[in-house]
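> What follows is a predicted structure for the sequence shown.
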Amino acid sequence: MTPVIQFDGLEVRFGARAVLKQLRGELRGRCIGLLGPNGSGKSTLLNTLLGFYPPAQGTARIFGKDIGTHSRELRGLIGYMPESDAFISNMTGVHFVRYMAELSGLPSAHALERAHEALFYVGLGEVRYRKVGTYSLGMKQLAKLAQAVAHGPKLVFLDEPTNGLDPPARTRMIQLIREIRDSGDMHVVISSHLLRDIDECCDEVIILRNGNIAGICNIEEERRLNRKFLELETHGEDNSFADAVQQLGCECALFGKGRMKVVLPESIEIRELYKIAAQREVQIRRMNYRRDSLEDIFLKAMEEVGARNGSL
Amino acid sequence: MAVYKRSYKPYEGAITSDRWRFLVLTRYGFSGMFDSRLFTGAFVLSFVPFLLAFAMIYFAHSASLRALLQVQGPGPNVGQINNYFFLTFLAVHSWISFLLITWQGPQLVASDLANNALPLILGRPISRTEYVLGKFLVIATLLSVVTWVPMLILFFLNAGLEGNGWLWSHLWLGTAIFLASWMWIAIVGLVALAASAWLKWRVAASAVMLAFFFVGPGFGAAINATLHTNWGHIFDILYAMKLIWVGLFRVPLSTAHDLDMLGIPAWAAWCTVAATCGFCLLLLNRRLKAREVVRG
């Protein structure tokens, strides 16, 4: 399968300052998170992929097409929701989204129909005839999302989509992004410094730091790999219980006072542990799934890059 | 898909031609411009001089109408419908078109820049050149309707009434009308776009437009008075335009001298016009970017 985005030594410079440095890697996820601290180059990367900044060296490919030579064609396939306010205040919501859809190539009548649909879809159906300038911050964010998806792009860039939203509006935005992801028709790239947003939506994440790729991680894969990590708290003969669990084929580590970590192979069910516990008369008082959270992955990537650069 | 089905569906319909997509900008530009009823009214009123000129030409050629109305005195005669008549008419319509564009022209770009909508537009298959072209076409079409289109209608009306090969012997006049109008359209259009791109605020952009066309003459006059020269006129775009028009409309030297139109040579006037256009394009190139680059 062609990668969604492929970096081939991509470097972007503003004057003498390298903002993105020799990026290499591939992203194949349905929903890709772009993580990094402020100033790490997230927005610059999105803008470069949109063709707003020319690469100083190297290139990137979207769906196998070079961003330098196929920029115009690619911009027809992409929807873009910028981080900051972006609207035409004296236009109504439906007029604004229709205008953007027409600029993306939809015929006028289709663009009008899609504008209505997109505004209803994001929850602005009732206010679609109001001027965008009168919308609240949350409504403006939703209007930006509507214009980004109205023309049916293959890939949509969402730059800090939950910026400035209150908790209900944020939940609504995340739900919409997940629906778009699950529709299977569109790939989504979300740039955010909020780990929770990425964690809730994305199946793959690229972490930037100081213009370098600190890590590319398939969150779904990580979740699958770590799914069988169990934290147990037992009461009774925990040594004999641990021996029996190891004989079953599991890795087991004891931490004293009945606490242990168990890695279950795919073939072994959890109820096997209960059976052994019953045989050894050991009480299992607590059992938790434990996996590396996105925060763990993010911090680990930050530390690794920091150690490489000698800055931490 | 009906609007009540609130789930995302991909678009699988037709796509418009990539080459002419910038005309969407023009269409929406017009729509925004004529949203104002006051502006629409002013636009309609701008055709009053055209109707007067139309009547004058017809009146000049119709002895029976003059007799019917029992006009006292000489009235307009055929000889008066000449190059000077068309030059005067162009000057009147140029001022009207200038006021129309000063009123609504700056909003074409300013409304996109005021709330940062430019990245949304340039994030689509539209280049910066096409953006400027699309917006400029709004001004060009509007000004065409007010300047060279009615003037050429009058020109052909006069040719029809004159007969006897007047059209062929005065073809240069038609060309002059067309060229002079387009020169005006280029200057006014580019200044309007550049001012609004630079200031992002429609009212301020309109003020800058007025200042550009009225402060220049004052500055030029001050230089002329201080340095006892005529070269101050190169800062006066209106003077430069008039000088070129006088040449294009073949106004006799004596008349041009009476009009104080011989202050600087024609090439200097052309340089002033070219420099103004170049400066406006430079401003547009610097300001119309999807993203500002902060160089480090």
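The structure has been received and is ready for your questions.
> and the helix or strand where residue B:223 lies with chain A, contact?
If you go by DSSP states H and E, residue B:223 is part of helix B:202-227. No: in terms of Cβ under 8 Å from any Cβ of the partner chain, no part of helix B:202-227 sits within range of chain A; the closest distance is 10.1 Å. Placement of C-beta: from N, CA and C, glycine included.
> Ignoring the adjacent residues along the chain, who's closest to the closest residue to chain A within chain B?
Closest residue of chain B to chain A, Cβ to the nearest Cβ: residue B:11 (2.9 Å). Counting by Cβ to Cβ, 6 or more residues apart in numbering or on different chains, residue B:11 lies nearest to residue A:152, which is 2.9 Å off, once chain neighbours are set aside.
> Would you agree that neighbour is in contact with residue A:114?
Yes: counting by Cβ atoms under 8 Å, residue A:152 touches residue A:114, with 7.4 Å between them.
> Wait, the residue of chain B closest to chain A touches residue A:114, no?
Yes: Residue B:11 lies in contact with residue A:114 (Cβ under 8 Å); the separation is 6.3 Å.
> May I see the buried residues of the helix holding residue B:223?
B:202, B:205, B:206, B:208, B:209, B:212, B:213, B:216, B:217, B:220, B:223, B:224 (16 or more other Cβ atoms under 10 Å in any protein chain shown).
> One more: stretch B:178-189?
For stretch B:178-189, using 16+ other Cβ under 10 Å, the buried residues are B:178, B:180, B:181, B:183, B:184, B:185, B:186, B:187, B:188, B:189.
> Contact residues of the stretch 1-150 of chain B facing chain A?
So far as Cβ under 8 Å from any Cβ goes, the stretch 1-150 of chain B lies against chain A at B:1, B:3-4, B:6-16, B:18, B:21, B:24-25, B:28, B:32, B:35, B:111-112, B:114-117, B:119-127.
> any idea which helix or strand carries residue B:94?
Per DSSP H and E: helix B:83-104 holds residue B:94.
> List the contacts of residue A:301.
A:207, A:209, A:214, A:215, A:217 (Cβ atoms under 8 Å, 6 or more residues apart in numbering or on different chains).
> between those, which has the most around it?
Neighbour tally across these (other Cβ atoms under 10 Å in any protein chain shown): the maximum, 26 neighbours, falls on residue A:207.
> What about the buried residues of stretch B:178-189, which are in helices?
B:178, B:180, B:181, B:183, B:184, B:185, B:186, B:187, B:188, B:189 (DSSP state H).
> Could you dump those residues into CSV and include pLDDT and distance to chain A?
Converted to CSV, those look like this (pLDDT from 0 to 100; distance: Cβ to the nearest Cβ, whole Å):
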residue, pLDDT, distance to chain A
B:178, 95, 32
B:180, 94, 34
B:181, 95, 30
B:183, 94, 31
B:184, 94, 28
B:185, 95, 25
B:186, 95, 25
B:187, 94, 27
B:188, 94, 23
B:189, 94, 21
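> what's the closest of these to residue B:235?
residue B:187 (14.2 Å; Cβ to Cβ).
> and the gap between the closest one and residue B:218?
18 Å (Cβ to Cβ, to the nearest Å).
> How about stretch A:214-224, which residues are buried there?
Counting neighbours by 16+ other Cβ under 10 Å, stretch A:214-224 gives A:214, A:215, A:216, A:217, A:218, A:219, A:222 as buried.
> what about residue B:238, which helix or strand?
Residue B:238 belongs to helix B:237-248, assigned by DSSP H and E.
> Helices of the stretch 1-150 of chain B, residue ranges please.
Under the criterion DSSP state H, counting those that start in this stretch, helices of the stretch 1-150 of chain B are mapped to B:23-33, B:37-45, B:48-61, B:63-69, B:83-104, B:107-114, B:118-122, B:128-146, B:148-162.
> cool, chain A as well?
Under DSSP H, chain A gives helices at A:42-49, A:71-77, A:93-103, A:108-122, A:137-149, A:167-183, A:195-201, A:219-225, A:238-248, A:271-280, A:294-309.
> could you dump those to TSV with mean pLDDT?
TSV is the format used below for these (pLDDT from 0 to 100):
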stretch	mean pLDDT
helix A:42-49	93
helix A:71-77	93
helix A:93-103	96
helix A:108-122	93
helix A:137-149	93
helix A:167-183	88
helix A:195-201	87
helix A:219-225	71
helix A:238-248	87
helix A:271-280	89
helix A:294-309	67
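> Now distance to residue B:244 too, for these, in CSV please.
Converted to CSV, the helices of chain A look like this (distance: least, Cβ to Cβ, whole Å):
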stretch, distance to residue B:244
helix A:42-49, 43
helix A:71-77, 38
helix A:93-103, 37
helix A:108-122, 41
helix A:137-149, 45
helix A:167-183, 57
helix A:195-201, 60
helix A:219-225, 67
helix A:238-248, 96
helix A:271-280, 94
helix A:294-309, 63
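> Tell me which of these sits most buried.
helix A:93-103 (a mean of 27; mean count of other Cβ atoms under 10 Å in any protein chain shown).
> Let me see the contact set for the residue sitting nearest the centre point of chain A.
The centroid of chain A falls nearest to residue A:33 when counting by Cα atoms, centre = their mean (2.5 Å). By Cβ under 8 Å, 6+ apart, the contact list for residue A:33 reads A:189, A:190, A:192, A:197, A:198, A:201, A:202, A:204, A:205, A:206, A:219.
> Which pLDDT value goes with the second one?
Translated: residue A:190. pLDDT, residue A:190: 94.
> On the strand side of things, show who it bridges to.
Judged by DSSP bridges, the bridge partners of residue A:190 are residue A:33, residue A:158.
> what number of residues lie near it?
28.
> need the contact list for it.
A:31, A:32, A:33, A:34, A:158, A:161, A:177, A:197, A:198, A:201, A:202.
> quick check, nearest of these to chain B?
residue A:177 (10.5 Å).
> dump the residue contacts of the closest residue to the closest one other than its chain neighbours.
Of all residues not flanking residue A:177 in the chain, residue A:201 sits nearest, at 5.0 Å (Cβ to Cβ, 6+ apart). With contact set as Cβ under 8 Å, 6+ apart, residue A:201 has these partners: A:31, A:33, A:174, A:177, A:178, A:181, A:188, A:190.
> my guess is residue A:263 meets residue A:231, correct?
No: using Cβ under 8 Å, residue A:263 is not in contact with residue A:231; the gap is 11.1 Å.
> got the contact list for the residue nearest the centre of chain B?
Geometric centre of chain B, nearest residue: residue B:185, 2.8 Å, by Cα atoms, centre = their mean. Counting by Cβ under 8 Å, 6+ apart, residue B:185 makes contact with B:97, B:139, B:140, B:143, B:144, B:147.
> distance of whichever residue of chain A sits closest to chain B from residue B:164?
Nearest to chain B in chain A, going by Cβ to the nearest Cβ, is residue A:152, at a distance of 2.9 Å. With distances taken as Cβ to Cβ, residue A:152 is found 63 Å from residue B:164.
> Tell me which of these two has more neighbours.
Higher neighbour count among residue A:152 and residue B:164: residue A:152, with 22 against 8, using other Cβ under 10 Å.
> quick one: contacts for that one?
Contacts of residue A:152 (Cβ under 8 Å, 6+ apart): A:114, A:185, A:186, B:9, B:10, B:11, B:12.
> Can you tell me which of these are buried?
Using 16+ other Cβ under 10 Å, the buried members of the contacts of residue A:152 are A:114, A:185, A:186, B:11.
> and those residues, which of them are in strands?
Assigned to strands by DSSP state E, none of the buried ones among the contacts of residue A:152 qualify.
> still on that earlier bit, per-residue confidence for the residue nearest to residue B:11?
92.
> likewise residue A:194?
Residue A:194 is given a pLDDT of 84.
> who's in contact with it?
residue A:162.
> same thing with the one 10 residues further on?
With contact set as Cβ under 8 Å, 6+ apart, residue A:204 has these partners: A:27, A:28, A:29, A:31, A:32, A:33, A:216, A:217, A:218, A:219, A:220.
> Those: which two are farthest apart?
Maximum distance among the contacts of residue A:204 (Cβ to Cβ): 14.1 Å, for A:31 and A:216.
> Great, nothing more from me.
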